[in-house]
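1. sequence? don't have it. structure:
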């Protein structure tokens, strides 16, 4: 079967850059949301499989990838999880996308869940890869270190430290390099604004753990994602009505990059059931 694919690069209000792969044979959309320090380029191993069955929307979050924040807006904008979720909504509204499946990785999963809290009618399903639902002791220490040194040390040095703590093994090297290379495109001020989000992360995550949404949800976690997998297991047990967990072998935090075949197969299978 032939698919006519159209790729568009558009900019909305100088904030959000996005790319579309249109599929004339489908009315359903899937929106991909990357994590902090990444960009839409981290989904390069997903595009081919997903565009065969869905219309695909890739986003670059504020200050990431091609979403370059202007000097004027950089000082005015305050970053909150709600504001960043509304960035996503603005793109959906502009493109007249009423409802979409959402696939996120790492911090992108928090934005998807935030969007679902505010506008559940716009979310057909949530696929949360390397999901962050609780900051364990090591990650709390990491945040404190970052807060102490964020104005002193070059942000890339801090980011490399985070990358090695979250993705420590040899088989995580590809993910580390990918994210560090993407992070090089950030400005120091941009990194600090994103890092300040950690101040509100604990109460937000606590709420997410307590409240189950009536939206089909698949958590895709690497078995070596030692910082975040344990808390996800507990949440899935308590949110059993809506949530499922798929654990990928030989994979760490950035599961879509490290094991793309297993990731794509599990996600596409789940999305077919989420009507």
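-> Sure thing, it's come through. Just so we're clear, the structure is a prediction, and the values are computed from it rather than from any experiment.
2. for residue 104, helix, strand, or coil?
-> Here residue 104 is strand, with the state taken from DSSP: H, G, I helix; E, B strand; the rest coil.
3. from residue 264, how far off is it?
-> 15 Å (Cβ to Cβ, to the nearest Å). Just so you know, the C-beta spots here come from the backbone N, C-alpha and C atoms, and that holds for glycine as well.
4. show me which of those two is the more surrounded one.
-> Between residue 104 and residue 264, counting by other Cβ atoms under 10 Å, residue 104 is the more crowded of the two (25 against 16).
5. partners of that one in the sheet?
-> Note on residue 104: beta-bridge partners residue 33, residue 128, judged by DSSP bridges.
6. need phi/psi at residue 30.
-> When quoted as degrees, to the nearest 10, the phi and psi of residue 30 stand at phi -130, psi 130.
7. count of residues packed around residue 176?
-> The tally of other residues near residue 176 (other Cβ under 10 Å) stands at 21.
8. for the most centrally placed residue in the chain, list the residues it contacts.
-> Centroid-nearest residue in the chain: residue 108, 2.1 Å away (criterion: Cα atoms, centre = their mean). With contacts defined as Cβ atoms under 8 Å, 6 or more residues apart in numbering, residue 108 is in contact with 33, 34, 35, 38, 61.
9. in which helix or strand does the third one reside?
-> Read it as residue 35. If you go by DSSP states H and E, residue 35 is not part of any helix or strand.
10. can you pull the contacts of the closest residue in space to it that isn't next to it in sequence?
-> Counting by Cβ to Cβ, 6 or more residues apart in numbering, residue 106 is the residue found nearest to residue 35 once chain neighbours are left out, at 3.1 Å. With contacts defined as Cβ under 8 Å, 6+ apart, the neighbours of residue 106 are 34, 35, 36, 38, 129, 130, 132, 253, 254.
11. repeat that with 10 Å
-> Contacts were defined as Cβ atoms under 10 Å, 6 or more residues apart in numbering; by that measure residue 106 touches 33-38, 42, 128-132, 166, 179, 225, 228, 253-256.
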